[in-house]
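Visitor: Generate a structure from the sequence data that follows.
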Amino acid sequence: MILQEGLPLLYQQFTALFGKNLLLSWRNKRATCLQIFSSFFFILLIFCIEEAMKASDASSSAYKNITDPTLLVSPPILPCEDKFFVKLPCYDFVWSGNNSRRVTDIVSAIMANNPGRPIPTNKVQSFKEPDEVDTWLLSHPLQVPGALHFVERNASVISYGVQTNSSSESKRGQTEDPTFKFLVPLQVAAEREIARSLLGDPNFGWGLGFKEFARPAIITETTSALSVMGPVFFLAFSMFGFVLQLGALVTEKELKLRQAMTMMGVYDSAYWLSWLTWEGILTLVSSLFLVLFGMIFRFDFFLKNSFVLVFLLFLLFQFNMIGLAFALSSIISKSSSATTVGFLVFLIGFITQFVSATGFPYSSSYAVSRRVMWSLFPPNTFSAGLKLLLDATSTPKSSGISWSNRAVCEGGQATCVISINIIYQWLLGTFLFWFVLAIYFDNIIPNASGVRKPIFYFLAPGYWTGKGGNKVEEGSIFSCVGSVPLVEHNTPNDKDVLEEETEVKQQAMDGIADPNIAVQIHGLAKTYPGTTKLGCCKCTKTSPFHAVKGLWMNIAKDQLFCLLGPNGAGKTTTISCLTGINPVTGGDALIYGDSIRSSVGISNIRKMIGVCPQFDILWDALSSEQHLHLFASIKGLPPASIKSTAEKLLADVKLTGAAKVRAGSYSGGMKRRLSVAVALIGDPKLVFLDEPTTGMDPITRRHVWDIIQESKKGRAIILTTHSMEEADILSDRIGIMAKGRLRCIGTSIRLKSRFGTGFVATVSFIENKNDNNIGVGASHEPLKKFFKEHLKVEPTEENKAFMTFVIPHDKENLLTGFFEELQNRESEFGISDIQLGLATLEEVFLNIARQAELESATAEGNMVTLELASGISLEIPVGARFVGIPDTENAENPSGVMVEVYWQQDGSGSMCISGHSSEMRVPQNVPVTRPPSPNALGHKSLRQGVRGIVIDL
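Guide: Residues are numbered from 1 along each chain as shown. Coordinates of the predicted model:
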């Protein structure tokens with residue numbers, strides 16, 4: 001199949017990615033509608049605030065022409081609780097002069113004759129002198145509106161004074177003037193009761209009325225809510241799209257969806273253009289609705305200024321925020337952080353709005369460099385543009401800014417630093433700045449999408465031509481992050497691994513490019529640097545972790561190479577390095593001649609590979625059919641063949657019935673099948689299958705095995721799995737890794753013959769109905785005795801139907817004669833069938849893993865406790881098979897006794913003890929190195945915690 005390249009592929013990828021963005025937005029309708037129509041709610045909120053301000057102004061006399069002011073007649077002294085400026089508990093008033101009986105009577109009359117409400121005695125405080133009142137007021141702030149001071153001069157003269165705070169106080173939109181609300185009523189009451197006292201007539205009438213002068217409105221223009229709240233609300237409106245865009249980009253990166261598309265060969269340009277186009281459409285629509293809603297609600301800002309000018313301001317600002325979101329997404333790794341960053345950007349923009357409102361730095365008194373730095377942050381330029389448009393409609397007589405006057409300076413000045421036209425130029429320039437910076441960051445900053453390019457990658461001719469993929473690139477940003485120690489090369493212990501390494505090195509030295517080799521790995525190494533943690537009063541640093549330690553091997557075409565190993569062996573890390581997801585620490589690998597250490601090489605490699613990752617990387621909102629259409633378009637399949645190819649792959653993995661169902665509702669096995677189908681799309685030359693059948697039922701697993709078998713022709717396949725049956729059936733060659741090193745390599749039969757415990761003989765018996773009452777041991781005892789006498793072996797599994805024996809390799813020369821005699825005595829032993837085979841691949845795997853664990857445990861001192869049936873506790877290294885018991889030597893057993901330890905893998909893939917054999921003699925020809933013992937103890941008196949002796953048989 002001929003795949004598309006160049007501009008046709010770029011266009012095809014762009015349309016597929018754009019369709020993906022459109023579909024995801026459609027299926028997330030709530031967020032999409034919020035981004036488009038949130039402007040309505042902001043405009044409505046501003047409108048409500050403005051109407052409330054108008055209603056409040058209408059109730060205030062300051063905004064009215066007063067031709068006949070209201071007459072106030074004998075106003076009462078109001079309770080102190082009605083005042084805005086007092087604290088509870090409070091007093092209606094305090095007074096001085098209580099040393100005079102006449103003054104005391106006057107105050108009592110004021111309290112009793114208060115219109116509408118007598119004043120309780122507990123709401124008034126009395127003092128002798130005014131100084132005492134001042135002292136009390138200082139110690140009881142805001143607990144009384146004011147004070148009366150009386151002085152009895154003589155029998156016919158009484159002086160008084162009123163002490164109060166005349167400052168007005170506002171509360172909930174209402175203004176309180178103490179002059180009219182407290183001072184005048186208190187003054188009227190004091191004069192009335194003084195007059196009555198001097199006249200000696202308690203019923204003397206004292207009527208008083210007052211009103212303000214007739215006047216025009218004090219305030220003729222109201223402040224627009226849009227001019228006050230608009231800039232903040234418009235910034236908040238724009239932040240919706242910014243946060244949603246940033247969250248979508250970071251989520252794709254966090255869920256490794258971007259990584260999956262990168263491994264399939266997506267162009268960076270197609271990826272960013274698809275996002276820019278889609279977000280640009282949303283921005284255009286939301287900006288248009290904002291202006292239309294503003295005009296519907298009849299705001300002068302939208303009606304008097306040119307429609308195009310206002311629309312362009314919001315459109316260009318939101319495009320700037322898209323560019324900023326692109327740039328920030330390159331350095332943010334968690335979607336949870338995207339919302340936090342969005343709020344932080346809004347908070348900074350909110351603060352800088354107030355700074356921009358002062359004119360900084362858009363005046364001739366500030367240097368150009370300050371304006372440049374200030375304008376790089378989009379909200380700053382946006383605030384300056386809003387200020388110009390708001391100032392142009394600030395009064396009823398203002399006519400706004402027309403399109404033809406966009407370059408005219410504010411106030412009609414001949415020259416100026418800023419105009420709305422210059423604002424647009426700044427917004428265009430800063431958008432290009434952030435967009436280019438985003439693409440640059442995306443190429444050089446390390447992330448989960450793959451190997452990063454050198455800092456000056458755009459200067460390399462290969463970046464533009466696509467040639468030079470076999471050249472290793474240096475000078476990437478990794479060299480600036482810090483170095484990690486390289487792994488020391490160790491000569492392999494296994495002869496097959498050494499032979500493979502020697503062959504690969506020789507081919508590399510001779511420069512031989514074997515056309516039958518798909519992948520050639522040259523000393524591949526991957527080391528993760530240690531981390532430093534600051535604790536309480538100390539600094540803890542972890543050692544570097546060597547995940548892959550110098551891997552050398554060839555992987556041929558038309559073959560399936562299976563890479564086995566326990567968890568943490570380095571399998572997935574190796575695949576991540578080969579696919580360009582993880583940068584290598586040392587060594588290199590050539591895939592069809594292209595180097596994985598070259599950004600050009602990786603780009604070429606991704607066009608010819610398919611990857612089924614260890615964990616499914618799928619969009620929950622897309623169906624399996626849509627996934628295959630998307631990845632087929634990214635891969636470059638001709639448009640006419642995409643549908644038929646997707647239908648065939650869905651049928652191959654038995655997902656035709658669920659083709660239109662969203663992947664989020666799939667089971668784990670269905671997702672794995674979809675991942676396999678994605679890996680095989682586009683007829684790749686090299687396919688990586690990382691545990692592809694995990695979670696599948698046996699029937700589906702067998703079906704997928706058939707698909708993989710059929711896919712071998714014309715391509716190389718690298719498979720990792722924890723199923724030994726899968727590896728045995730599918731693989732042409734097998735390599736087993738442990739602790740980052742290749743421990744063995746070869747065909748399944750080769751590995752079984754070299755690392756298995758021997759041969760497995762299974763003897764089946766003729767069914768005998770007369771044996772129902774006879775024990776298994778009694779009926780098969782002659783056969784067991786025959787095996788014991790000739791081969792010195794016991795059955796490992798035994799029942800009425802069959803019996804299994806494991807025969808060591810050292811008995812191989814006896815097998816021909818043994819089985820000839822066994823066949824001659826079949827009727828005697830009641831045998832129906834005899835089968836002879838090699839040990840299972842699982843046994844080989846466990847032996848290799850156990851030996852690797854033993855090497856590591858011996859070097860690192862990693863010990864576990866073995867509890868023997870005799871009550872002895874032995875400390876043994878992880879992986880030790882034969883362990884001698886110290887101080888058990890005697891005349892009968894001159895070398896002592898030992899046990900065989902049985903190992904297995906636990907749920908996490910770590911080696912653990914599953915059991916042990918009974919105690920047996922240590923062969924005399926085996927040299928034993930005993931650990932130091934403080935005193936020689938008899939077998940029965942051994943204490944717990946004794947160090948066992950590792951015996952190599």
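
Visitor: Could you use CA atoms for every contact and neighbour count after this?
Guide: Will do.

Visitor: Pass me the low-pLDDT residue ranges in this structure, would you?
Guide: Applying pLDDT under 70 to the chain flags residues 1, 56-63, 168-175, 217-222, 411-415, 447-452, 462-489, 532-539, 768-778, 927-945.

Visitor: Just give me the residue right at the centre of it.
Guide: residue 334 (2.5 Å; Cα atoms, centre = their mean).

Visitor: so who does that residue touch?
Guide: 250-251, 254 (Cα atoms under 8 Å, 6 or more residues apart in numbering).

Visitor: CSV please, covering those residues and showing distance to residue 672 and secondary structure.
Guide: As requested, the contacts of residue 334 are arranged in CSV below (distance: Cα to Cα, whole Å; DSSP: H, G, I helix; E, B strand; the rest coil):
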residue, distance to residue 672, secondary structure
250, 24, helix
251, 21, helix
254, 20, helix
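
Visitor: Let's have those residues in CSV, adding distance to residue 205 and neighbour count.
Guide: Converted to CSV, the contacts of residue 334 look like this (distance: Cα to Cα, whole Å; neighbours: other Cα atoms under 10 Å):
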residue, distance to residue 205, neighbour count
250, 83, 26
251, 84, 20
254, 87, 18
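
Visitor: tell me which element the residue lying closest to residue 142 once chain neighbours are set aside is part of?
Guide: Leaving aside its sequence neighbours, residue 142 sits nearest to residue 86 (Cα to Cα, 6 or more residues apart in numbering; 4.7 Å). When elements are assigned from DSSP states H and E, residue 86 belongs to no helix and no strand.

Visitor: List the residues that contact residue 86.
Guide: 80, 142-145.

Visitor: For burial, what's the neighbour tally of residue 298?
Guide: 13 (other Cα atoms under 10 Å).

Visitor: Secondary structure class of it, three-state.
Guide: coil (DSSP: H, G, I helix; E, B strand; the rest coil).

Visitor: Over to it: give its phi and psi.
Guide: Main-chain dihedrals, residue 298, degrees, to the nearest 10: phi 60, psi 40.

Visitor: With residue 701 instead?
Guide: According to degrees, to the nearest 10, residue 701 has phi -60, psi -40.

Visitor: and it, what does it touch?
Guide: So residue 701 contacts residue 693 (Cα under 8 Å, 6+ apart).

Visitor: I'd like the distance between it and residue 176.
Guide: 83 Å (Cα to Cα, to the nearest Å).

Visitor: can you pull the contacts of the closest residue in space to residue 695 that isn't next to it in sequence?
Guide: Counting by Cα to Cα, 6+ apart, residue 695 lies nearest to residue 669, which is 4.7 Å off, once chain neighbours are set aside. Shown in contact with residue 669 (Cα under 8 Å, 6+ apart): 693-697.

Visitor: Could you export these as TSV, including secondary structure, distance to residue 641 and neighbour count?
Guide: Formatted as TSV, these follow (DSSP: H, G, I helix; E, B strand; the rest coil; distance: Cα to Cα, whole Å; neighbours: other Cα atoms under 10 Å):
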residue	secondary structure	distance to residue 641	neighbour count
693	coil	27	25
694	coil	30	18
695	coil	31	16
696	coil	29	18
697	coil	31	11
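
Visitor: With respect to residue 620, which of those residues is nearest?
Guide: Using Cα to Cα, residue 695 comes nearest to residue 620 of the contacts of residue 669, at 18.0 Å.

Visitor: Pull out the buried residues from the helix or strand harbouring residue 803.
Guide: Using DSSP H and E, residue 803 falls within strand 802-808. Neighbour counts over strand 802-808 (16 or more other Cα atoms under 10 Å) mark 802-807 as buried.

Visitor: before we move on, what about stretch 492-512?
Guide: 496-498, 500-501, 504-505.

Visitor: Outside of it itself, list whatever touches it.
Guide: 491, 513, 520-522, 552-554, 742-746.

Visitor: Only whichever of those are buried, select them in ChimeraX.
Guide: Typed into ChimeraX, the line below selects the buried ones among these, using 16+ other Cα under 10 Å:
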select :520,521,522,552,553,554,742,743,744,745,746
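
Visitor: To which secondary structure element is residue 524 assigned?
Guide: Using DSSP H and E, the element containing residue 524 is strand 517-528.

Visitor: Show me what that strand pairs with in its sheet, parallel or antiparallel.
Guide: strand 545-556 (antiparallel), strand 586-591 (antiparallel) (DSSP bridges).

Visitor: what's the helix or strand that the last one is followed by packed up against?
Guide: Along the chain past strand 586-591, the next helix or strand (assigned with DSSP H and E) turns out to be strand 594-595. Strand 594-595 is packed against helix 599-606, with contacts defined by 3 or more Cα pairs under 8 Å, 6 or more residues apart in numbering; DSSP states H and E.

Visitor: ok, back up a step: name the strands paired with the strand holding residue 803 and say parallel or antiparallel.
Guide: With DSSP bridges as the test, strand 802-808 is paired with strand 758-765 (antiparallel), strand 795-798 (antiparallel).

Visitor: ok, and what's touching that strand?
Guide: So strand 802-808 is contacted by 757-765, 791, 793-798 (Cα under 8 Å, 6+ apart).

Visitor: try 7 Å
Guide: With contact meaning Cα atoms under 7 Å, 6 or more residues apart in numbering, strand 802-808 is reached by 757-765, 793-798.

Visitor: can I get the CA coordinates of that strand in CSV?
Guide: Only the C-alpha atoms of strand 802-808 are listed here, as CSV (Å, rounded to 0.1, in the frame of the first residue of the first chain):
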residue,chain,number,x,y,z
PHE,A,802,-1.0,-40.3,33.9
MET,A,803,2.3,-39.8,35.6
THR,A,804,4.9,-37.1,34.9
PHE,A,805,8.7,-37.3,35.4
VAL,A,806,11.4,-34.7,35.0
ILE,A,807,14.6,-36.2,33.7
PRO,A,808,17.9,-34.2,34.1
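
Visitor: And the very next helix or strand once past that strand, what's buried?
Guide: Using DSSP H and E, the next helix or strand after strand 802-808 towards the C-terminus is helix 815-824. Applying a neighbour-count criterion of 16+ other Cα under 10 Å, the buried positions in helix 815-824 are residue 822.
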